[in-house]
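*Asks:* Sequence and predicted model, in that order:
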Amino acid sequence: MDASILPIPQRDRTASAEERSRFRGVFFDVAPAMFLGTLDQTIVAATLPAIAVGLGGFADIAWIVTAYLLAATAAAPIYGRLGDAFGRRRALIWALVLFLAGSVACGFAPTLPWLIGARGMQGLGGGGLMTLAQALIGEAVSPKERGRFQGWFGAIFALASTLGPVAGGLLSEHLGWRYTFWVNIPLGFVAAIAALRLNTSPGAGRFTPDLVGTPLFVGATLALLLALSLGPTIGWSTPIVIGLAVAALIGYGLLWPAERHSSDPLIPPDLLSLPVVWRGAICVLLFAAVLFAAIVQLPLFLQLVLGVSPSLSGLMLIPLTLAQVAISTLTGLRISTTGHPRNPMAIGLSIAALGFALVAATLGFGPLAVCAASIIFGVGLGTIMPAAQTMVQWAAGTSRLGSATAMLSFTRSIGGVMGAAIASAVLLGVMHVLAPSLATQIAAIPSSTSPDAARGHLASPEVQGAFRCVFASLSAIAAVAAAIAWSIPDIDLSAPAQKTANAKP
């Protein structure tokens, strides 16, 4: 057999009716937590203008989102390790309690700084919701069958993402923005009651705090996210951003030797050393970068250059989302049939690179042409998470399932912030070269209190050329991710013998 084939035991060859029943039982017990974690981000985004009016501080309103993201990203690996040690049901309950406590603090927030701090507390709980829910599914279902059920995850994401903005708008308009946080209380109790019904592994039963690795990881991650968040607004060459970037590099540089000498590391170095794991994580990071960059840049282009209304530009993202969900479901079924997750991911990233190139080429042909081209990269990106989760969770094994799942959540969050920052930097950088005066206008738009006034006012060849460079850059990033995906060992989820996950492609 080829050395690049990394099989798993014969017991994972086929799915039984018992296994499928076990999946459904676990899924419906963790689905409320997954729904709550996804809904919170979309429902709050829809109420930011109302919060800014109620508490003041338009210039700092983005920190309501950033504070949550910072805390959730830093907490995800910690929850993965706690779940492996003490049981994932118990860790999920802890995450829900902390999330609900943060929601109550948000609902009572008298000032914007208070609300930002409360959102950080909420993020400390929210960081465990998706990570632990997905790890619990991985605990219940064999690696080969995990892909079959990705459509169920897609349905939760699609439902929460669709309901969030609508519910946020209705609640803030008729009851007030605070109710977007109070609604979490009954939903959280439902999620907690459902989680209490889970019958899962009690965990390894041992936990030694990583007193060196944990603060290094958290500090480096916070510094990196702050640098990526502040760079587009205050300038990449400012001392603050440079200092944060240097601090992040130093922190991550010290983290590796610290984890190698830790008896119970937060991020196991031997896990990161596996080609399936680290290459899969890089693919997820780059996938998130291009996806989040596109979600930010497409509406910006449609509104500022083509004069499309905000509501219509949001609707034009729905085909992209539906394409992702549909292909994610089909990819999961394909992986469960063939047992080979690498090829769908590599082909998908190649299609995504083509799709972004087509978006760049069709920017001058109107909104419908841009929307149609975006569907193509949506089709490509829909293959990534089913394949990556299947590969990485299999390579990690049951004992490190939480750590592996948390690693993907972490890389996805970092990639999202990184992608948005890179796209903004490319856009403003090209604009400063082609049309400096217009660059100043577009940089000020996100903080404008009347974004409708800017619709269509930047319809110039220079601005269109800058956006073309953005999507061409995203095409290049997707192409790099595709090359990395093709280099991942071609694991076989239904082979009859176990080999090492260290095999080279």
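*Replies:* Yep, it's here.

*Asks:* What are the buried residues along stretch 336-352?
*Replies:* For stretch 336-352, a neighbour-count test (16 or more other CB atoms under 10 Å) marks 336, 339-352 as buried. Backbone N, C-alpha and C define where each C-beta goes, glycine included.

*Asks:* how close does G37 sit to F153?
*Replies:* Note on G37: its distance to F153, by CB to CB, to the nearest Å, is 12 Å.

*Asks:* thinking again about what came up before, can you tell me which of the buried residues of stretch 336-352 is nearest V166?
*Replies:* Closest to V166 out of the buried residues of stretch 336-352 is A352 (28.5 Å), distances taken as CB to CB.

*Asks:* What helix or strand is the closest one located in?
*Replies:* Applying DSSP states H and E as the criterion places A352 in helix 342-362.

*Asks:* L163 too?
*Replies:* Going by DSSP H and E, L163 is part of helix 150-174.

*Asks:* And the next helix or strand past that helix?
*Replies:* helix 179-182.

*Asks:* That following helix packs against which elements?
*Replies:* Judged by 3 or more CB pairs under 8 Å, 6 or more residues apart in numbering; DSSP states H and E, helix 179-182 is in contact with helix 17-45, helix 88-107, helix 150-174.

*Asks:* For G125, which of those helices is the nearest?
*Replies:* Nearest to G125 among those is helix 88-107; the distance by CB to CB comes to 3.0 Å.

*Asks:* The closest one: which residues count as buried?
*Replies:* 88-96, 98-107.

*Asks:* how far does that helix sit from the chain's center?
*Replies:* Remark: helix 88-107 is offset 20 Å from the chain centroid, using CA atoms, centre = their mean, to the nearest Å.

*Asks:* so for it, what's the average pLDDT?
*Replies:* In this model, helix 88-107 has a mean pLDDT of 91.

*Asks:* what's the answer for stretch 419-436, then?
*Replies:* Stretch 419-436 comes out at a mean pLDDT of 76.

*Asks:* Do I have it right that V30 meets L136?
*Replies:* Yes: counting by CB atoms under 8 Å, V30 does reach L136; the two are 5.3 Å apart.

*Asks:* which neighbours do these two share?
*Replies:* L92, L198 (CB atoms under 8 Å, 6 or more residues apart in numbering).

*Asks:* Buried residues, the helix or strand in which I193 is found. List them.
*Replies:* Per DSSP H and E, I193 falls inside helix 184-196. Under the neighbour-count criterion of 16+ other CB under 10 Å, helix 184-196 has N184, L187, G188, A191, A192, A194, A195 buried.

*Asks:* which residues touch the closest residue to the first one other than its chain neighbours?
*Replies:* Translated: N184. Spatially, and ignoring its direct neighbours in sequence, N184 is nearest to S103 (4.0 Å; CB to CB, 6 or more residues apart in numbering). Applying CB under 8 Å, 6+ apart to S103 gives the contacts Q122, F181, W182, N184, I185, G188.

*Asks:* what's near enough to touch the first one?
*Replies:* It refers to Q122. Taking CB under 8 Å, 6+ apart, one finds D40, Y68, A71, L98, F99, G102, S103, A105, C106 in contact with Q122.

*Asks:* Kindly recompute the last result at 7 Å.
*Replies:* Y68, F99, G102, S103, C106 (CB atoms under 7 Å, 6 or more residues apart in numbering).

*Asks:* nearest to G253, of those?
*Replies:* Looking across these and measuring by CB to CB, the closest to G253 is Y68, at 27.5 Å.

*Asks:* So W236, which state does it fall into?
*Replies:* Secondary structure assignment for W236 (DSSP: H, G, I helix; E, B strand; the rest coil): coil.

*Asks:* Now it. Its backbone dihedrals?
*Replies:* With angles defined as degrees, to the nearest 10, W236 sits at phi -70, psi -20.

*Asks:* Kindly provide the distance from it to S21.
*Replies:* Counting by CB to CB, the gap from W236 to S21 is 53 Å.
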